[in-house]
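Undergrad: Could you work out the structure for the sequence below:
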Amino acid sequence: MDPLFSFLIGHLIGDYALQSDRMAQNKRNLGGYLIFHVTIYSFSIAFFSWVHDVFYDPDILSAVLPWIVPIFVIHLLQDFAKSRFYNSSRQFYYLDQALHLITLYLLRIIVGG
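TA: As a prediction, the model looks like this:
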């Protein structure tokens, strides 16, 4: 199975299922809720990479772990920018999600060759 699948599952769980409304509404500064959300998001990707590692590819987790900090920083900057400039349009939402997915796809290219 492609590691991109585990990255996408980690993204969906971390960015939707584990993000409370309170977190989503209070990410306007670089502390508290934003840091908490991005930490959960990053650990979600690491966790699902570990699951992928256990069942499919024993090298994927060791390949992903060095990228957890860049994933954290990139997601932090994207969500911070979104909270500052968000205008509630559907197009902006799709742009935000596209940037998250492009980041994960680039990680997949780096990790998987």
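
Undergrad: Just the buried residues of stretch 13-25, please?
TA: Residues 13-15, 19, 23 are the ones in stretch 13-25 that count as buried (16 or more other CB atoms under 10 Å). All C-beta atoms are positioned from the backbone trio N, CA, C, and that covers glycine.

Undergrad: burial of Pro70, as a residue count?
TA: 14 (other CB atoms under 10 Å).

Undergrad: Show me what secondary structure element comes after whatever helix or strand Ala81 lives in.
TA: Secondary-structure element containing Ala81, defined by DSSP states H and E: helix 68-85. Scanning the chain past helix 68-85 towards its C-terminal end, the next helix or strand to appear is helix 90-112 (assignment: DSSP H and E).

Undergrad: other SSEs contacting the helix or strand bottoming out on mean pLDDT in the chain?
TA: When each helix and strand of the chain is scored by mean pLDDT, DSSP states H and E, helix 60-64 comes last, with a mean of 77. Based on contacts counted as 3 or more CB pairs under 8 Å, 6 or more residues apart in numbering; DSSP states H and E, the elements that helix 60-64 packs against are helix 3-12, helix 32-55, helix 90-112.

Undergrad: neighbouring contacts of it?
TA: Helix 60-64 is contacted by residues 3, 6, 45-46, 49-50, 52-53, 107, 111-112 when judged by CB atoms under 8 Å, 6 or more residues apart in numbering.
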